[in-house]
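A.B. asks: Give me a 3D structure for the following:
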Amino acid sequence: MINEIDNPILGICFDAGHAHINQPLIRGKIAFCKEKLFHFHASDNFGIYDDHILPGTGKINWRDVFSDLKKITYNGTYLLEVVPNNKTYEDMGLAGDFTIIEVGRAFFRHMRIRPDL
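C.D. replies: Okay, the predicted model is just below:
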């Protein structure tokens, strides 16, 4: 439908968590969006509910996701869509009290997307 409406300001917000629910293979879905991909929501889940957990703590293959984003040279915005819960953030190097900014930085460092953060 989006291709039928030829408007340069109309785009897609790709939500990795939504794309993973009941359809665990995200590969190919990002490439399908190509130049119409304007915004990206990053959150993880286990493929059943939209858990909004920190990427890397569910079942989404984030290496594949970011590889696909790189292939289409995605330069849009990212939203880390995480709801605090009892999931551990220790493998991201976080412990105790932390801010969502620290979670975002840890995520991008962990994924080696922005190791300078």
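A.B. asks: Keeping just the C-alphas, turn the lowest-mean-pLDDT helix or strand in the chain into CSV.
C.D. replies: The least trusted helix or strand in the chain, going by mean pLDDT, DSSP states H and E, turns out to be helix 100-110, with a mean of 70. C-alpha atoms of helix 100-110 as CSV (Å, rounded to 0.1, in the frame of the first residue of the first chain):
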residue,chain,number,x,y,z
ILE,A,100,17.5,4.5,30.1
ILE,A,101,20.3,6.5,28.5
GLU,A,102,22.8,4.1,30.1
VAL,A,103,20.8,1.1,28.9
GLY,A,104,20.8,2.5,25.3
ARG,A,105,24.6,3.2,25.4
ALA,A,106,25.3,-0.3,26.8
PHE,A,107,23.1,-1.8,24.1
PHE,A,108,24.9,-0.1,21.2
ARG,A,109,28.3,-0.9,22.8
HIS,A,110,27.3,-4.5,23.3
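A.B. asks: What is it packed up against?
C.D. replies: With contacts taken as 3 or more C-beta pairs under 8 Å, 6 or more residues apart in numbering; DSSP states H and E, helix 100-110 sits against strand 77-80. Heads up, the C-betas are built off the backbone N, CA and C, glycines and all.
A.B. asks: Going by neighbour count, which residues of the strand it packs on are buried?
C.D. replies: Using 16 or more other C-beta atoms under 10 Å as the test for burial, strand 77-80 gives residue 80.
A.B. asks: so who does the closest residue to residue 83 other than its chain neighbours touch?
C.D. replies: Counting by C-beta to C-beta, 6 or more residues apart in numbering, residue 83 lies nearest to residue 52, which is 4.1 Å off, once chain neighbours are set aside. Neighbouring residues of residue 52 by C-beta atoms under 8 Å, 6 or more residues apart in numbering: 17, 43, 45, 81, 82, 83.
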